[in-house]
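> predicted model and sequence below, questions to follow.
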Amino acid sequence: MKYFSILTLVLILSSCGQQTENKIEFDANQIHAAMIEVELKDSTSLFIMLAKDGTVNRKGDLKTKDNNFFMGISNNGLLENFTKTITNDISDYLNRVHVLADTAKNVNKIKVGFSGPNGDTGFEYYTNEAVENLPKPILNLITNAIQVTDPWFRVQQAMLKPN
């Protein structure tokens with residue numbers, strides 16, 4: 001669970017708000033933990049945290065109002081499977097806060113964090129646009145995280161259903 005604390009700090013660090021001239025060096029193969037949180041119109045709709053030790057946390061699926069939060073361990077290499085889907089174009093968003101929203105209206109918030117041996121990185125993205133209209137690298141990141149964790153998530157949900 002130490003990764004959860006690290007990833008939470010990623011989103012608080014002031015470096016997220018700094019603009020950098022140089023493209024960030026990012027190696028998805030070096031990720032030890034990843035976190036994605038999507039809040040749609042002030043309601044948490046998706047939370048996924050994966051760690052190298054097999055830790056998996058997930059809430060929601062962006063489609064239903066699911067308030068069940070599942071925590072566990074998976075030996076299926078979920079983090080490794082997820083990191084294989086990450087493309088270098090996500091580095092254009094790292095270490096920044098992107099505010100593309102009228103904050104007086106309903107805002108969709110995306111928070112992403114990665115932890116690795118060379119430190120932590122991440123980004124925040126605020127928009128009034130629908131999830132489907134997110135920039136392709138961000139949408140792909142979210143979609144891939146959902147697809148990789150869906151089998152584990154469905155098993156957890158099935159345990160809640162009465163026999």
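Here it is on my side, so go on. Please read these numbers as outputs of a predicted model, since none were measured by experiment.

> what residues are up against the residue lying closest to Ala28 once chain neighbours are set aside?
Nearest residue to Ala28, sequence neighbours excluded (Cβ to Cβ, 6 or more residues apart in numbering): Ile86, at 3.9 Å. No exception for glycine: its C-beta is placed from N, CA and C like everyone else's. Going by Cβ atoms under 8 Å, 6 or more residues apart in numbering, Ile86 touches Ala28, Ile31, Leu141, Asn144.

> what is the burial count for Val97?
As a burial measure, Val97 scores 17 neighbours (other Cβ atoms under 10 Å).

> in helices only, show me the contacts of Ile86.
Among the contacts of Ile86, the residues falling in helices (DSSP state H) are Leu141, Asn144.

> tell me what the residue nearest the centre of the chain is bridged to.
The structure's the chain has its C-alpha centroid closest to Ile36; by Cα atoms, centre = their mean the separation is 1.3 Å. Note on Ile36: beta-bridge partners by DSSP bridges are Ile48, Val112.

> ditto for Lys59
Note on Lys59: beta-bridge partners by DSSP bridges are Phe47, Phe69.

> just checking, it touches Asn68?
Yes: counting by Cβ atoms under 8 Å, Lys59 does reach Asn68; the two are 6.8 Å apart.

> quick one: which of the two has more around it?
The neighbour comparison of Lys59 against Asn68 (other Cβ under 10 Å) goes to Lys59, with 18 against 11.

> can you pull the contacts of the more buried one?
Shown in contact with Lys59 (Cβ under 8 Å, 6+ apart): Thr44, Leu46, Phe47, Asp66, Asn67, Asn68, Phe69, Phe70.
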